[in-house]
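>>> Provided below are the primary sequence and the corresponding predicted coordinates.
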Amino acid sequence: MFAVDPITFQITQQLLLAAFLGGLIGVERWFRKKPAGLRTYSLVSLGACLFTVISLYGFQESGNVNFDPSRILSQIVVGVGFLGAGIIFHKENLVQGLTTAAGLWVTAAIGATVGLGFYSVAIVATLISLLIFFGLFFFERTIPRERD
């Protein structure tokens, strides 16, 4: 029989939670037919979580006392920022993709938060993100806006 040690079991749960929370945000983007949707958001959150747990657990045994796991987190921010930059389009006087890029960035932070073990914080951040995507979308439509 295949035995799983407690750390592997915990990391597996973290990865599943991160992918699920990212997917919740991705559903809204998929529903609105945006370029990044359910799969993209799930993968970004999953990847950020995986990099985070690797940085926390993967180097403990190396004996490198100078290793700083927060350096990996900073690279997640940069990497997802680069990914988000590829989504932003500027056409005539319109800029498109900013909300999608910002959503990916927040989703990566949620995945990293799960990877650090702050589950309640990640769930609250997901709920706030959903409120912003769903709630503010409808609120914005009620406000008249002049175009230049």
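Nice, I can see it. Numbers count the residues shown, from 1 in each chain.
>>> which pLDDT value goes with Phe31?
Reported pLDDT at Phe31 in the predicted model: 87.
>>> so how far is Phe133 from it?
9 Å (CB to CB, to the nearest Å). C-beta here means a position set from N, CA and C on the backbone, and glycine is covered the same way.
>>> neighbour-wise, which of the two wins?
Neighbour tally, Phe31 and Phe133, criterion other CB atoms under 10 Å: the higher count belongs to Phe133, 20 against 12.
>>> where does the more buried one land in three-state SS?
helix (DSSP: H, G, I helix; E, B strand; the rest coil).
>>> just the buried positions in the helix or strand where Ala18 lies, please.
Using DSSP states H and E, Ala18 falls within helix 6-31. Neighbour-count burial for helix 6-31, with 16 or more other CB atoms under 10 Å as criterion, is recorded at 11, 14-15, 17-19, 21-30.
>>> so which elements touch that helix?
helix 38-57, helix 98-115, helix 119-130 (3 or more CB pairs under 8 Å, 6 or more residues apart in numbering; DSSP states H and E).
>>> and those helices: which comes nearest Arg141?
Closest to Arg141 of the helices and strands packed on helix 6-31 is helix 98-115 (CB to CB; 14.1 Å).
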